[in-house]
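**Q** The following comprises the amino acid sequence and a computationally predicted model.
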Amino acid sequence: MEESRSGTSYPEIIDEKNLRTKKRVVVETSITLGFWGLTLYLLITFLTFLLWLSGLKLVYSNILVAGYPEMVGLFANGMKITAFIVLILLLWSFYNRALIKIKGERRKSQVVISFDQDMADFFNIDIELYREIINSSAITVALERDRLVFGKIDFPTDQR
């Protein structure tokens, strides 16, 4: 007969985190997070079911047992709260509108989208001409024979 061995016949389990590859860590973490998400999803579904059941009991006790006058009072309170919230929002919007009419635009200063030199380089024009263009009250721009014409000033376009 064979003698029985003492202890387990399984090899030792090596559980050192630094021996695992990044791919294995990512896969194990993804699986863990996925199953935690599934567990939370199922718990939320169960919680929603319990709240739905308690809502049915609440409707039954407030409408059928307490009667119609209680239901009308409940809806009246809800309408009062809704009207109060709408009134606050309307007053706030009227306040903002009046403030803009009195003080003008609410921004303290205009935001610079780009610098003058960058825009002049983009359009391939002189910086002084660009400043003259942006300070003009009205401008006309036309394209005549591969040249941009601004008012009485014309300048060449990029020849491509």
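**A** It's in.
**Q** residues near Leu129, how many?
**A** 14 (other Cβ atoms under 10 Å). In short, each C-beta sits where N, CA and C put it, glycine included.
**Q** Against which helices or strands is the helix or strand that contains it packed?
**A** In this structure, Leu129 sits in helix 127-135 according to DSSP states H and E. Under the contact criterion of 3 or more Cβ pairs under 8 Å, 6 or more residues apart in numbering; DSSP states H and E, helix 127-135 touches helix 116-123, strand 153-156.
**Q** which stretch in these is the model least sure about?
**A** Mean pLDDT per stretch puts strand 153-156 lowest among those, at a mean of 52.
**Q** sorry, back to before: ok, then the element right after the helix holding Leu129?
**A** strand 141-144.
**Q** Name the residues of whatever helix or strand Val86 lives in that come out as buried.
**A** According to DSSP H and E, Val86 maps onto helix 68-103. Across helix 68-103, burial judged by 16 or more other Cβ atoms under 10 Å covers no residue at all.
**Q** what does the average pLDDT come to for that helix?
**A** Rounded mean pLDDT across helix 68-103 is 88.
**Q** And Ser54, how far from Leu47?
**A** Remark: distance between Ser54 and Leu47 (Cβ to Cβ, to the nearest Å) = 11 Å.
**Q** likewise Phe75?
**A** 27 Å.
**Q** Can you give me the domain boundaries for the chain?
**A** Taking automatic domain parsing as the domain assignment, the ranges for the chain are 18-103, 116-156.
**Q** tell me the most buried of those domains?
**A** domain 116-156 (a mean of 12; mean count of other Cβ atoms under 10 Å).
**Q** Go ahead and measure how far that domain is from the middle of the chain.
**A** 39 Å (Cα atoms, centre = their mean, to the nearest Å).
**Q** Then stretch 46-61?
**A** Stretch 46-61 sits 32 Å away from the centroid of its parent chain (Cα atoms, centre = their mean).
**Q** likewise stretch 80-97?
**A** On the basis of Cα atoms, centre = their mean, stretch 80-97 sits 25 Å off its chain's mean C-alpha point.
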